[in-house]
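Chemist: Sequence below, structure please.
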Amino acid sequence: MLDKVEMSDVQALMADIGRRARAAGRVLATAPTEAKNRALAEMARAVRAATPEILAGNAKDVEAMKANGQTAAFLDRGTLSEERIEAVARALEDIVALADPVGSVIAAWDRPNGLQIERVRTPLGVIGVIYESRPNVTADAGALCLKAGNAVILRGGSDTIHSNKAIHAALQKGLKAAGLPEDAIQMVPVTDRAAVGEMLKGLDGNLDVIVPRGGKSLVARVQEEARVPVFAHLEGLVHIFVDKAADLEKAVEIVVNSKLRRTGICGALETLLVDEAVAASHLPKIVAALQDKGCEIRGDARVAELCDNVVPATEADWSTEYLDAILAVKVVPGLDAAIEHIARWGSNHTDCIVTEDDEAAAEFFKRVDSAIVLHNASTQFADGGEFGMGAEIGIATGRMHARGPVGVEQLTSFKYCVHGEGQTRP
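Modeler: Predicted structure coming up:
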């Protein structure tokens, strides 16, 4: 693997990667479903067979992350086990089972002049994925892009470079076995940040969209500097509102799971809002359940009045994505106040209401402008796999094209196919 290289060398390297990706993308755009599915099945087999090599590479990465003082949440995202590698292989097989979106007719209609018009799904082309600390993204992104007929250029973080390389080698074995171009899934072989800069410029027009997955600084840089479209979310400032009509037992289970199942994922709960009408009855039990599992509570004055061992919340806590066992908690006057708080501090990622009042849930769904809105379910379901998409390349919080989990359908565009019988326009 190359490491630090001259800027001119990086530019030449990335330009070549872009050209090869474009050529591979043209082949994939018309590749039959059977070939893509065979490649994915072979990838799953290759990942399982390479488990010892993947674990060995991951051990090097984890050792380096510990030496660099990475947080527990960061280590959790970057650590692989036999079970997690098996989950990667199963995710590849799940994508085999998904319908191939390429060529599917989204809509069709006839015009009075006899023209027949179809809107048909097409691949986006070449997708760049820039990510940190999650080696499973190597497989998920590569496989989803392949199924949607796109070539992909993967630029993983230096923290998991050995894990990424081992997984990528398995993906290329799958492509080769299916007779598809190995350049369809390329990994940037340098850790130099200049390679990211070249991707943000668009690789001489050979990159069609960028998907960043990582920390706030990475996503902010991509959104600020990219000269091509971006599918991204900056932060996962996830909220749960416990309504006055919430079932207490249900609220406890949902809040604890949303916060603590995995604290380092973007769907993890970061701010809990509780209706004043049930604060005295619900908050102490919810907070105690969280604290029993080691969660620090940062609450407003009312929370501190009702619960023990509460750290006073500051305004900064309402805008903090902790990705750790820390939760901001606030008591609000009711549904309107909760929605106003989410509108001010939220990141349009994932928000939830816990209530037995269907009208309150409907109002929450209507007025909360987030990519994912839930009623009586853990926010940790904010995941493409849980949505039946097989896997996801990321969560998009923008309002254009893709929103929410970005799966195979979101990795396509469309074209209009117009059938005529000799019509001319007067």
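Chemist: can you pull out the helices in the chain?
Modeler: Using DSSP state H, the helices of the chain run over residues 7-29, 33-49, 51-67, 72-78, 82-97, 136-147, 161-177, 194-201, 216-225, 248-260, 279-292, 301-306, 335-345, 358-367.
Chemist: G420 is nearest to which of the ones you listed?
Modeler: helix 7-29 (24.5 Å; Cβ to Cβ). Bear in mind the C-beta positions are built from the backbone N, C-alpha and C, glycine included.
Chemist: Show me what counts as buried in the closest one.
Modeler: Within helix 7-29, the residues that count as buried by 16 or more other Cβ atoms under 10 Å are 10-11, 13-14, 17-18, 20-22, 24-25, 27-29.
Chemist: Could you do stretch 173-186 as well?
Modeler: Buried residues in stretch 173-186 (16+ other Cβ under 10 Å): 173-175, 178, 180-181, 183-186.
Chemist: ditto for stretch 247-257
Modeler: Buried-residue list, stretch 247-257, by 16+ other Cβ under 10 Å: 251-252, 254-257.
Chemist: Check stretch 326-337 too.
Modeler: Applying 16+ other Cβ under 10 Å to stretch 326-337 flags 326-332, 335, 337 as buried.
Chemist: Give me the below-cutoff pLDDT ranges for the protein.
Modeler: Counting by pLDDT under 70, the chain has low-confidence residues at 1-7.
Chemist: domain ranges for it?
Modeler: Under the assignment automatic domain parsing, the domains of the chain span 7-231+406-418, 238-381.
Chemist: and the longest one, how far from the chain's centre?
Modeler: Think domain 7-231+406-418. 12 Å (Cα atoms, centre = their mean, to the nearest Å).
Chemist: again with the shortest one
Modeler: Its chain's C-alpha centre and that of domain 238-381 lie 22 Å apart, by Cα atoms, centre = their mean.
Chemist: let's number from 420 now, not from 1
Modeler: Taking 420 as the first residue, the last one we looked at is domain 657-800.
Chemist: Leaving aside the residues adjacent along the chain, what's closest to L565?
Modeler: K455 (5.8 Å; Cβ to Cβ, 6 or more residues apart in numbering).
Chemist: which residues does G813 contact?
Modeler: 548, 630-632, 650-652, 824-825 (Cβ atoms under 8 Å, 6 or more residues apart in numbering).
Chemist: Next, it: phi, psi?
Modeler: phi 160, psi 180 (degrees, to the nearest 10).
Chemist: Distance of it relative to G823?
Modeler: To G823, G813 is 10 Å away according to Cβ to Cβ, to the nearest Å.
Chemist: Tally up the residues packed near the residue nearest to A506 when sequence neighbours are not counted, please.
Modeler: Excluding the flanking residues, the one nearest A506 by Cβ to Cβ, 6+ apart is N555, at 7.4 Å. Residues near N555, counting by other Cβ atoms under 10 Å, number 21.
Chemist: Test my guess that N555 contacts R503.
Modeler: Yes - taking Cβ atoms under 8 Å as the definition, N555 is a contact partner of R503 at 7.0 Å.
Chemist: Name the residues contacting each of the two.
Modeler: By Cβ under 8 Å, 6+ apart, no residue touches both N555 and R503.
Chemist: Run through the residues that contact the residue nearest to R553 when sequence neighbours are not counted.
Modeler: Sequence neighbours aside, R496 is the residue nearest to R553 in space, at 5.2 Å (criterion: Cβ to Cβ, 6+ apart). The contact partners of R496, by Cβ under 8 Å, 6+ apart, come to 552-553, 683-684.
Chemist: which of those residues are buried?
Modeler: Judged by 16+ other Cβ under 10 Å, buried ones among the contacts of R496: 552-553, 683-684.
Chemist: could you redo the residues you listed as JSON lines and give each row distance to A585?
Modeler: Shown next, in JSON lines, are the buried ones among the contacts of R496 (distance: Cβ to Cβ, whole Å):
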{"residue": "S552", "distance to A585": "16"}
{"residue": "R553", "distance to A585": "14"}
{"residue": "G683", "distance to A585": "22"}
{"residue": "I684", "distance to A585": "23"}
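Chemist: picking that back up, wait, what's in contact with the residue nearest to L565?
Modeler: 447, 519, 565-566, 568, 597, 599.
Chemist: List just the nearest of those residues to L709.
Modeler: Among those, and counting by Cβ to Cβ, the member closest to L709 is K566, at 39.1 Å.
Chemist: which non-adjacent residue is nearest the closest one?
Modeler: V827 (4.9 Å).
Chemist: residues near that neighbour, how many?
Modeler: Other residues close to V827 by other Cβ under 10 Å number 27.
Chemist: hang on, it packs against F806?
Modeler: No - between V827 and F806 there is no contact under Cβ under 8 Å: 11.7 Å.
Chemist: Spit out the residues that contact those two alike.
Modeler: Going by Cβ under 8 Å, 6+ apart, no residue sits against V827 while also sitting against F806.
Chemist: ok, now how distant is E672 from I546?
Modeler: 38 Å.
Chemist: rewinding a little: let me see the contact set for the residue nearest to K566.
Modeler: 514, 517, 519-520, 563, 566-567, 808-809.
Chemist: Report the central residue of this protein.
Modeler: G813 (2.1 Å; Cα atoms, centre = their mean).
Chemist: Please report phi then psi for T449.
Modeler: phi -120, psi 10.
Chemist: That one: neighbour count?
Modeler: 10.
Chemist: And for L688?
Modeler: Neighbours of L688 (other Cβ under 10 Å): 30.
Chemist: Nothing else from me, thank you.
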